[in-house]
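K.L.:
prediction below, plus the sequence it came from.
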Amino acid sequence: MSSTMDDDGAQASDGSQIDVEVVQSVPVTISVEVGRAVLKIRDLIRLTQGSVVELDRMAGEPLDLLVNNTVVAQGEVVLVNDRYGIRLTRVVPANERLRNL
């Protein structure tokens, strides 16, 4: 399969035109993952305010930026006007992202 691009937008492999404006307006969910943990239900039930859940990441490791549950970048936490943000330190190459879909 091959596809080409012209000046008016992208062309799909079947020859039909892709409306770039439509694609750019599709909403996606972005989330930042600090780490993960696996708990047994009995341990989950015992959690109370003040409980600590140990995550699988070391302090200082980059956080994952996910778009629709697919890792697209990594970064570090920053504060922006009293809100949390993420400064990207690595963007996953497009071919690697596509392999993980």
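P.N.:
Ah, there it is. Everything quoted here is computed from the prediction, not taken from an experiment.

K.L.:
now the helices for this protein?
P.N.:
All helices of the chain, identified by DSSP state H, fall at 20-24, 41-45, 94-99.

K.L.:
tell me which of these sits nearest to I86.
P.N.:
Closest to I86 of these, according to CB to CB: helix 94-99, at 17.1 Å. C-betas here are computed from N, CA, C, even on glycine.

K.L.:
for the residue nearest to the spatial centre of the chain, what are its contacts?
P.N.:
Nearest to the geometric centre of the chain sits L66, at 1.0 Å (CA atoms, centre = their mean). If you count contacts by CB atoms under 8 Å, 6 or more residues apart in numbering, L66 has them with 30-33, 72.

K.L.:
quick one: which of these sit in strands?
P.N.:
Counted as lying in strands by DSSP state E, out of the contacts of L66, are 30-33, 72.

K.L.:
let's have these in a markdown table, adding distance to L44, pLDDT and neighbour count.
P.N.:
As requested, the ones in strands among the contacts of L66 are arranged in a markdown table below (distance: CB to CB, whole Å; pLDDT from 0 to 100; neighbours: other CB atoms under 10 Å):
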| residue | distance to L44 | pLDDT | neighbour count |
| --- | --- | --- | --- |
| I30 | 26 | 94 | 11 |
| S31 | 21 | 95 | 10 |
| V32 | 22 | 95 | 15 |
| E33 | 19 | 94 | 14 |
| V72 | 29 | 94 | 18 |
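
K.L.:
check those against L55 and report the nearest one.
P.N.:
E33 (9.4 Å).

K.L.:
what's the closest of the contacts of L66 to N95?
P.N.:
V72 (12.6 Å).
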